Structure formats: C-alpha cells, structure tokens
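Colleague: Let me see the structure of the following:
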Amino acid sequence: MTRKFICLFLFGFEILIIMLVAVSTARAQSSHQTFAVVAPPNCQNNDGEIVRFENRSSQTAKSAAGMAKNDDNGQPVIYRFSYERSPAALQNFIDLHECAHHQTGDIDLPHPPRNSPAHMMNESIADCIATLRIRDETEDGASRINDAAQALTAAMEIVGFPKLTIDSRISNINNCRLKDLSAADFIDGVLVHRGLK
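Modeller: Next up is the predicted model:
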C-alpha cells in the first residue's frame, strides 16, 4: 500500500513538472523579444522633401512593419510600427524600403490593387533600392543584407506568407545586391520610366 502511494505521488509529481514546463514554454513563445529601436536613415522624396519618421506601437504586431504615405497635411511620412519587435537589420531594411516608396513617387501615384502585378512590382523595386542602399551605405553591407534577409524570412513565416512568396522576395534581394549601379541611378531610372523626371 505504501509503495503504491509513493508511486502515485511520484507519478503525480512528474505530471506537475511536465505541466509547469509546458506552461513556461508557452509563455516564453507568446512573449515577444524586444530590441533597441534604431535611428531612421536620411530620406527625401522624389520632390526633394525631407521624409519624417514616426514610431508607433501595436500590441498585436508580431514583427516590425512600416507604411509610407503623406500625412493629413500632405507631408511625407513613414510610420514605424512596433520596431522593438525586430532586430536592427530588419528595422533598417524596412525604413529604406518605405523610403524607396517616397523616392520613386509611389506615394503620389494611384495605389495599385493589393497583390496585383503592379503592386508587386512596386514592392520589388522598393526592396531593390533598400538592398542597394544597404550594400553601398553600410559598413559590411553584404553581411547586413544577409541579416536583414534572414530576419525578413522569419517575420514573413510568422505572419503566414507562403514559402514561394518568401523565396521570390529573397531571390529579388539577392539579385539586386549584384546590380552594377547605385541606388540613386536605379531610382533615376524608375522616375524616368514613370515620367516623373
């Protein structure tokens, strides 16, 4: 009888330990790691106006996100949502990607339907400009691009993007880093093509 009681006690204790480990793991996974928010880069739109950066927070965001637009007064702005949720390399990439939307005149043109070919082209162009700027303006730019691509992949997986979409985006970034031109030249080509220069 005593032996049965001891076995039951030990079995119950093991179950309790397993439950505590499971709860602790779940809490660790649900809590977000926080990072220092980096200073934004220099950014001017295609009209030479200084673009303002504004930090915003979201309790539900799983990763940093950005949005380029003109504010209610028509001034160019980039909203930086929950940057503390992503590492510095991704924060910087997002800033430069959103800046590229201002630099290429995307903000002043009608916004194409989400996920349309025109929308996807705008996103690819912005990724390319961000990549070229990191490559040319950052010490050890190649390593920084790799860090940004890894963090971007992880963020897109968390949000639920299909692997094909993620792979296509990373492939574009890797191809852009090999381009034999500067970000400024690339932007000029886009503006000329759009009749904005």
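Colleague: Contact partners for residue 188?
Modeller: If you count contacts by Cβ atoms under 8 Å, 6 or more residues apart in numbering, residue 188 has them with residue 197. Every C-beta, even on glycine, is put in place using the N, C-alpha and C of the backbone.
Colleague: so what pLDDT did it get?
Modeller: On the pLDDT scale, residue 188 is placed at 96.
Colleague: May I see the buried residues of the helix or strand containing it?
Modeller: For residue 188, the element it lies in under DSSP states H and E is helix 183-193. By neighbour count on 16 or more other Cβ atoms under 10 Å, the buried set for helix 183-193 is 183, 186, 187, 190.
Colleague: Do you know the pLDDT at the closest residue to the third one other than its chain neighbours?
Modeller: The shortest distance from residue 187 to any non-neighbouring residue, by Cβ to Cβ, 6 or more residues apart in numbering, is to residue 103 (5.1 Å). At residue 103, the pLDDT value in this model is 98.
Colleague: what does the one 5 residues further on give?
Modeller: Per-residue pLDDT puts residue 108 at 88.
Colleague: List the residues that contact the residue nearest to residue 187.
Modeller: So residue 103 contacts 43, 44, 45, 46, 129, 187 (Cβ under 8 Å, 6+ apart).
Colleague: do residue 183 as well
Modeller: Counting by Cβ under 8 Å, 6+ apart, residue 183 has contacts 129, 132, 133, 136.
Colleague: Thanks again, I'm all set now.
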